[in-house]
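> dropping the sequence and predicted coords here.
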Amino acid sequence: MAFGQKLIGTIRERLNLQDYRKIHWEGTFAEYLDIVRQHPEVTRSAFQRLYDMIVSHGTEVLYENKEKIIRYKFFTEWASRYGDAIYGLERPLMALVNVFKSAARGYGTERRVLLLHGPVGSSKSTIARLLKRGLEEYSRTDQGMLFSFAWKMDDGTYEKCPMHEEPLHLVPHEMRADVVALLNEGRRDDEYHVTIRGDLCPFCRQMYNERLARYNGDWSHMIQDVKVYRLLLSEQDRVGIGTFQPKDEKNQDSTELTGDINYRKIARKAGTTACLESGHAHPGGDCSPSRHGDRYLGGLPCVCGLVEPAAPGGVRHVPSGPRRPRTGRALMSATFCARRQRLETGRTFTRQRRTSTVTGIKTPCGSSSR
């Protein structure tokens, strides 16, 4: 027992709590503006950050047949710490870094897809692995820090931006020019200048508009619902770095690139759950097997076998069974898919079907009711 406590104490002494607090910083939007004023490089683009990361490890000038060649120590000395040092590819690596440099300056190459082409064993995967590892390490340094933001929800929790956006995207478009001018005031031409590129993602745009309406257009009150935090790039957590492994075309999963749909969140608001087939909402909350019996397809929102309008503000579930619907109500039979399977063309469903009686609507698969 004494040995265990001693070992824990030893680990505790070697931890750098100050560094942990620094890389896990959280603050207000106003505090972030103070950081941007002092360190404008936090607003760099991805290519600017990548190029600066490589150059920060130093360079070495070589001459081969009277040709000037720049060797980047990132691919040699720094990479040797992980056993991935690359030698003999100075020209291809210099051409690759020149592409990064061109993209960092906005010359157009930032809109292209880079393809590393070469024979087996020519360090293609090693180059990609070094760039990912270098960015992860660089984001933990003071020179490579970057930030994102989260929205305060009604229950007091915070929902992070799914795209890890730059917090300056929250500045209204009509005021961006003035804000950028104030942030860059007094800077030399050779220093980094703050720029605001891009717009909010759909999720953040919805949060932005809802809060702006809640505060009657007062942006200064709306921004108080935003928490800015330091972002740490991580391939393992898929934060800022994504890896896509090529597979056979028959089992290729395109959602690794495009993302997937969470059907549990469709029209779920104010304690109600949507019915895919009819568009009604269940005031009682989530659907469950106890509510819908064997017609609950585990994972999909409610697939009510039979839904009839009830009093205003609610719906009435008609149980399944041999009982026929009342005369005069035109009900149609529809087929529903019980399992979802993503194919290479996108999210589709398998042909395994279940039949239930519903009003005239469309099935989740997109085929009309019959």
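Great, that's in hand. Worth saying up front: this structure is predicted, and the values here are computed from it rather than measured.
> from now on I want contacts and neighbour counts done on CA atoms only, so please keep to that.
OK.
> all the helices of the stretch 51-200 of the chain, residue numbers only.
77-80, 90-104, 124-138, 176-183 (DSSP state H, counting those that start in this stretch).
> in JSON lines: those, plus distance to residue 209 and mean neighbour count.
Listed next are the helices of the stretch 51-200 of the chain as JSON lines, based on distance: least, Cα to Cα, whole Å; neighbours: other Cα atoms under 10 Å:
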{"stretch": "helix 77-80", "distance to residue 209": "46", "mean neighbour count": "16"}
{"stretch": "helix 90-104", "distance to residue 209": "32", "mean neighbour count": "16"}
{"stretch": "helix 124-138", "distance to residue 209": "33", "mean neighbour count": "17"}
{"stretch": "helix 176-183", "distance to residue 209": "18", "mean neighbour count": "14"}
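> output those as TSV; include the columns distance to residue 233 and mean pLDDT.
Formatted as TSV, the helices of the stretch 51-200 of the chain follow (distance: least, Cα to Cα, whole Å; pLDDT from 0 to 100):
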stretch	distance to residue 233	mean pLDDT
helix 77-80	18	93
helix 90-104	19	93
helix 124-138	5	93
helix 176-183	26	94
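> dump the ones you listed into CSV; add distance to residue 56 as well.
Listed next are the helices of the stretch 51-200 of the chain as CSV, based on distance: least, Cα to Cα, whole Å:
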stretch, distance to residue 56
helix 77-80, 11
helix 90-104, 13
helix 124-138, 9
helix 176-183, 25
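> now stretch 143-153: buried residues?
144, 145, 146, 147, 148, 149, 150, 151, 152 (16 or more other Cα atoms under 10 Å).
> between which two of those residues is the distance greatest?
144 and 152 (26.6 Å; Cα to Cα).
> circling back to that earlier point, any idea which of the helices of the stretch 51-200 of the chain gets closest to residue 236?
The nearest among the helices of the stretch 51-200 of the chain, by Cα to Cα, is helix 124-138 at 10.1 Å.
> what helices or strands is that closest one leaning on?
In this structure, helix 124-138 makes packing contacts with helix 46-55, judged by 3 or more Cα pairs under 8 Å, 6 or more residues apart in numbering; DSSP states H and E.
> where's residue 228, which helix or strand?
Following DSSP states H and E, one finds residue 228 within strand 226-231.
> what lines up beside that strand in the sheet?
Using DSSP bridges, strand 226-231 pairs in its sheet with strand 26-27 (antiparallel), strand 146-152 (antiparallel).
> what would those strands look like in CSV with mean pLDDT and distance to residue 37?
Formatted as CSV, the strands paired with strand 226-231 follow (pLDDT from 0 to 100; distance: least, Cα to Cα, whole Å):
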stretch, mean pLDDT, distance to residue 37
strand 26-27, 94, 15
strand 146-152, 95, 14
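> so which of those strands gets nearest residue 200?
strand 146-152 (11.4 Å).
> and for that closest one, what are the contacting residues?
42-43, 139, 158-161, 164-167, 207, 225-232 (Cα atoms under 8 Å, 6 or more residues apart in numbering).
> just stretch 173-181 next, same as before
So stretch 173-181 is in contact with 194, 195, 196, going by Cα under 8 Å, 6+ apart.
> test my guess that residue 165 contacts residue 200.
Yes: here residue 165 reaches residue 200: they are 7.4 Å apart, a contact under Cα atoms under 8 Å.
> could you find the closest non-adjacent residue to residue 26?
In space, and not counting its chain neighbours, residue 26 is closest to residue 229: 4.3 Å by Cα to Cα, 6 or more residues apart in numbering.
> now that neighbour: how far from residue 182?
23 Å (Cα to Cα, to the nearest Å).
> check residue 199 too.
20 Å.
> pretty sure residue 145 sits against residue 40.
No: look at residue 145 against residue 40 with Cα under 8 Å: they stay out of range, at 10.7 Å.
> got the domain boundaries for the chain?
Domain assignment of the chain by automatic domain parsing yields the ranges 23-39+145-231, 46-138, 257-358.
> endpoints of the shortest one, how far apart?
Counting by Cα to Cα, the length from the leading to the trailing residue of domain 46-138 is 12 Å.
> what ranges of this protein fall below the confidence cut-off?
1, 247-370 (pLDDT under 70).
> at which residues are the strands of it located?
26-27, 59-64, 67-72, 146-152, 158-160, 226-231, 273-274, 281-282, 307-309, 315-317, 332-337, 340-343, 346-349, 353-358 (DSSP state E).
> what's the first one in contact with?
Taking Cα under 8 Å, 6+ apart as the criterion, the residues outside strand 26-27 that touch it are 227, 228, 229, 230.
> just the fifth one next, same as before
Contacting residues not belonging to strand 158-160 are listed as 149, 150, 151, 152, 153, 227 [Cα under 8 Å, 6+ apart].
> distance of the third one from residue 26?
Per Cα to Cα, residue 151 is found 13 Å from residue 26.
> what do you get for the fifth one?
As defined by Cα to Cα, residue 153 lies at a distance of 17 Å from residue 26.
> likewise the last one?
Look at residue 227 and residue 26: by Cα to Cα, they are 7 Å apart.
> compare neighbour counts for these two and give me the winner.
residue 227 (21 against 18; other Cα atoms under 10 Å).
> tell me the contacts of the more buried one?
Counting by Cα under 8 Å, 6+ apart, residue 227 has contacts 26, 27, 28, 29, 149, 150, 151, 152, 158.
> could you give the bridge partners of it?
As assigned using DSSP bridges, the partners bridged with residue 227 are residue 150.
> distance check, it against residue 133.
In terms of Cα to Cα, residue 227 sits 28 Å off from residue 133.
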